[in-house]
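Student: what follows is a predicted protein model with its sequence.
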Amino acid sequence: MHPLSKRALSLEAYRHGSPLIFDFETTNLEKGSALNPDNHVVMVAWKANRHPVQHFYGNILDCSDFWAALDTADFLVAQNAKFEAHWLRRLGVDPTDYLWFDTFLAEYVLAGNRFRKLDLGAIASRYGYRAKDQLIDTMMKVGICPSEMPKRRLIARCRRDTYTTARIHRRQLTALHGSGRLGVALTRCLTAPVLTQIETEGMCLDGARVHETYAETAKRLAVARSRLDHATGGINPRSTDQVAEYLYGTLGFREPTDSKGNRLRNKPSKRWPGGKPKTDKQTMDALRGRATSRKQKEYIDLRQEFGSLNAAVTKNLEFFKGVVDERDNCTFYGTIRQGVARTHRLTSNGVPQSFAQFPKPKSVQFHNMPRAFKRLFKARDKEWVMVEADASQLEFRVAVFLGKDRQGLADIMDESFDAHKYTASVLLGKPASEICKSERQDAKADTFKPLYGGTQGTDAQERYYATFQSRYHELHEEQKLWVNEVLSHSKGMLKTAWGMRFYWKFHLTAYGTPMWGGKSIEPSVFNYPVQSLATAEIIPIALVYLYYRTKKAGLRVRFVNTVHDSVIAEVHRGDLADYTDLVRLAFGADIVQYLKTVYDLEFNVPLGVEIVAGQHWSEGTEEQYEYHQESHD
């Protein structure tokens, strides 16, 4: 069944279709990754609808019964289905040709923002089913390869996992459908196989640019370290103990405190039995506003410069240099993760790599690299270009939709309105027409802070935050209603219009402030619905539609990344115009139609997309498009 068929989007396939539940056991290099050519499938167990569990041990390509069951299923079920999807791709079967249901992702949806272990053993125990075979599980954890495990016990484990997954799947379907969250699970499951395509492609670095940037940044880091040594007398800037003593002893800064005046500290240690004073970036930022003496200001500025350059070198540029020096194709791969973020947006982690020039393995966050380093990535072929499709001010547009804010809608519709110039005009106290480019850029960090509950800062910032809440008062009132709903619910729950549920297990302070995780609940209650609908629902929807539309059209496209509100691809120059047309469709009409079909949401706020195409990521010609539903009805 095609994943975007009417039956799939109506959820009828999930509710009444015939599933195939299956589980691969593989060799265990790099956790059994299908991208490691030295791995192979050891066995498979499967269960077709109401039939008993079957299994095959050996070369899976010889297992005709499994492939026949795969071809006749309405949808595929697996625990952590992205793993199985990668292996199907490795075995010559395109996983994006199938509709999937992932019990891992289904449990993630049912959990909302509450932490729950999502491995099969934990989920099984939660539903009252038997946990994994203890011996086999122990052997897995200590690194013994499944191919070397007792055959009889491995088969029994794989069969039982498949049977357990089938039972969990049925229970989850009932819970998701009954609570109106089956559509949310569908979105998560549609996204998973497309992510396997991205993870298979990897991203290509420009060797010349990497070497130039590395040399320049390393030189600046050495100069910053020399200036810092001169100012401090030579303390080690990487030693939190020495930095703490210098900050709060030598320089005389007062430690940050909470609302009760208690010092905010890290865990106690032998040297700091009362807790180690904080020296992290957030603390440094706070101390900067409290610096009074020349030495205090000088040190904070130097320390922040050193920290920024040191992070650029050690967390990114050394890895990039290793890739271009020691990998023939200058390409590296990462993992885009579902099931982690509380808001359900995608996260990522790099695949650790060992390089001869560095003593320890290194990795980078695959989809959350600093903006300054986008220019280091290029299309791997000269006849191709890097294309970034970026949803314009998506979270603000989503907030305006959720808050039914008429002023926000008017600002979006007004082509002459510039949100960042407006911010700068309030902050600086002068007309927007007089705001220069640098002032507009500096104001960006403040523009949408009040959207997420930001209220404190300098006098100018607090004036702007109050102005924002007044200008978009309907949105602000809606967000206050969300807070009241959480406070009045017995489980501290907020139910969104598309079915997602978020929970705050809060307590009230003596002043009546609801606290969660040591902080007021208000910023997160303001944030979760907005960020979740924008980046956990809408962007994955756009990615999925764009992928399937380009596949159907036969365009030469490699999807290589997705970053919060954007999709990045390498596109053949001959297909660029057609691809751009499909981007406009996927980031506009497709989103609106999906929200209506799956979530019964009438999204009535214009959607925008910016498309930048060039040899390098984020460099090149830029085009902007707006989608207004009424003009396309």
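Tutor: Noted; the coordinates are in hand. All figures in this text were calculated on a predicted structure; none of them were measured in a lab.

Student: ok, residue 116 touching residue 107?
Tutor: Yes: applying CB atoms under 8 Å, one finds residue 116 in contact with residue 107, separated by 6.8 Å. Heads up, the C-betas are built off the backbone N, CA and C, glycines and all.

Student: between these two, who's got more neighbours?
Tutor: Between residue 116 and residue 107, residue 107 has the larger neighbour count (other CB atoms under 10 Å), namely 25 against 13.

Student: OK, contacts around the more buried one?
Tutor: Each residue near residue 107 by CB atoms under 8 Å, 6 or more residues apart in numbering is listed here: 116, 118, 123, 126, 168, 172.

Student: how close does it sit to residue 224?
Tutor: 47 Å (CB to CB, to the nearest Å).

Student: still on that earlier bit, quick one: common contacting residues for residue 116 and residue 107?
Tutor: Jointly contacting residue 116 and residue 107 under the rule CB under 8 Å, 6+ apart are residue 126.

Student: pLDDT value on residue 139, please?
Tutor: Note for residue 139: predicted pLDDT of 87.

Student: if I pick it, what's in contact with it?
Tutor: Residue 139 is in contact with residue 149, counting by CB under 8 Å, 6+ apart.

Student: how much space separates it from residue 119?
Tutor: 16 Å.

Student: then residue 428?
Tutor: Taking CB to CB, one finds residue 428 at 52 Å from residue 119.

Student: show me which of the two is the more surrounded one.
Tutor: Per other CB under 10 Å, whichever of residue 428 and residue 119 has more neighbours is residue 428, with 16 against 13.

Student: still on that earlier bit, restricted to buried residues, select the contacts of residue 107 in ChimeraX.
Tutor: Command for ChimeraX that selects the buried part of those, burial taken from 16 or more other CB atoms under 10 Å:
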select :118,123,126,168,172
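
Student: and which of the contacts of residue 107 is nearest to residue 468?
Tutor: When the contacts of residue 107 are ranked by distance to residue 468 (CB to CB), residue 116 comes first, at 35.6 Å.

Student: ok so residue 255 is a helix residue?
Tutor: No: Residue 255 is assigned coil when assessed by DSSP: H, G, I helix; E, B strand; the rest coil, not a helix.

Student: and residue 568, which of the three is it?
Tutor: What three-state DSSP gives for residue 568 is strand.

Student: specify the beta-bridge partners of it.
Tutor: Beta-bridge pairing of residue 568, defined through DSSP bridges, involves residue 388, residue 561.

Student: what residues are up against it?
Tutor: Contact analysis of residue 568 by CB under 8 Å, 6+ apart lists 386-389, 559-562, 617.

Student: and the strands in the stretch 101-250 of the chain?
Tutor: 203-204 (DSSP state E, counting those that start in this stretch).

Student: give me every residue that touches residue 578.
Tutor: 553, 555.

Student: so where's this structure uncertain?
Tutor: Low-confidence segments of the chain (pLDDT under 70): 131, 259, 630-633.

Student: show me how it divides into domains.
Tutor: With domains defined by automatic domain parsing, the chain comprises 6-201, 207-329, 335-403+506-633, 404-505.

Student: from the chain's centre, how far out does the shortest one sit?
Tutor: Domain 404-505 sits 22 Å away from the centroid of its parent chain (CA atoms, centre = their mean, to the nearest Å).

Student: try stretch 269-285
Tutor: That offset, for stretch 269-285, works out to 29 Å (CA atoms, centre = their mean).

Student: spatially nearest residue to residue 85, not counting backbone neighbours?
Tutor: In space, and not counting its chain neighbours, residue 85 is closest to residue 95: 3.7 Å by CB to CB, 6 or more residues apart in numbering.

Student: hang on, the one you found packs against residue 89?
Tutor: Yes: with contact defined as CB under 8 Å, residue 95 and residue 89 form a contacting pair (5.6 Å).

Student: who has more neighbours out of these two?
Tutor: Legend: neighbour count by other CB under 10 Å for residue 95 and residue 89, higher for residue 95 (23 against 19).

Student: ok, that one to residue 29 distance?
Tutor: For residue 95 relative to residue 29 (CB to CB), the value is 21 Å.

Student: show me where the stretch 301-450 of the chain has its strands.
Tutor: 331-332, 334-337, 347-350, 384-391.

Student: make a markdown table from those and add mean neighbour count and distance to residue 454 to it.
Tutor: Converted to a markdown table, those look like this (neighbours: other CB atoms under 10 Å; distance: least, CB to CB, whole Å):
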| stretch | mean neighbour count | distance to residue 454 |
| --- | --- | --- |
| strand 331-332 | 18 | 36 |
| strand 334-337 | 19 | 28 |
| strand 347-350 | 18 | 23 |
| strand 384-391 | 24 | 22 |
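
Student: hmm, what's the outermost residue in the chain?
Tutor: In the chain, residue 233 marks the outermost C-alpha relative to the chain mean, sitting 41.7 Å out by CA atoms, centre = their mean.

Student: for that residue, which residues are in contact?
Tutor: Under the criterion of CB under 8 Å, 6+ apart, residue 233 has no contact partners.

Student: if we go to 10 Å?
Tutor: Residues counted as contacts of residue 233 (CB atoms under 10 Å, 6 or more residues apart in numbering) are 246, 250.

Student: what does the one 10 residues further on give?
Tutor: Residues touching residue 243, when contacts are defined by CB under 10 Å, 6+ apart, comprise 232, 235-237, 277, 279, 284, 299, 303.

Student: with residue 372 instead?
Tutor: Listed by CB under 10 Å, 6+ apart, the contact set of residue 372 reads 213, 217, 312, 316, 618.

Student: got it, and residue 315?
Tutor: Applying CB under 10 Å, 6+ apart, the residues contacting residue 315 are 362-365, 369-370.

Student: turn the contacts of residue 372 into JSON lines, columns for neighbour count and distance to residue 445.
Tutor: Putting those into JSON lines (neighbours: other CB atoms under 10 Å; distance: CB to CB, whole Å) gives the following:
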{"residue": "213", "neighbour count": "21", "distance to residue 445": "24"}
{"residue": "217", "neighbour count": "18", "distance to residue 445": "23"}
{"residue": "312", "neighbour count": "20", "distance to residue 445": "19"}
{"residue": "316", "neighbour count": "22", "distance to residue 445": "21"}
{"residue": "618", "neighbour count": "18", "distance to residue 445": "19"}
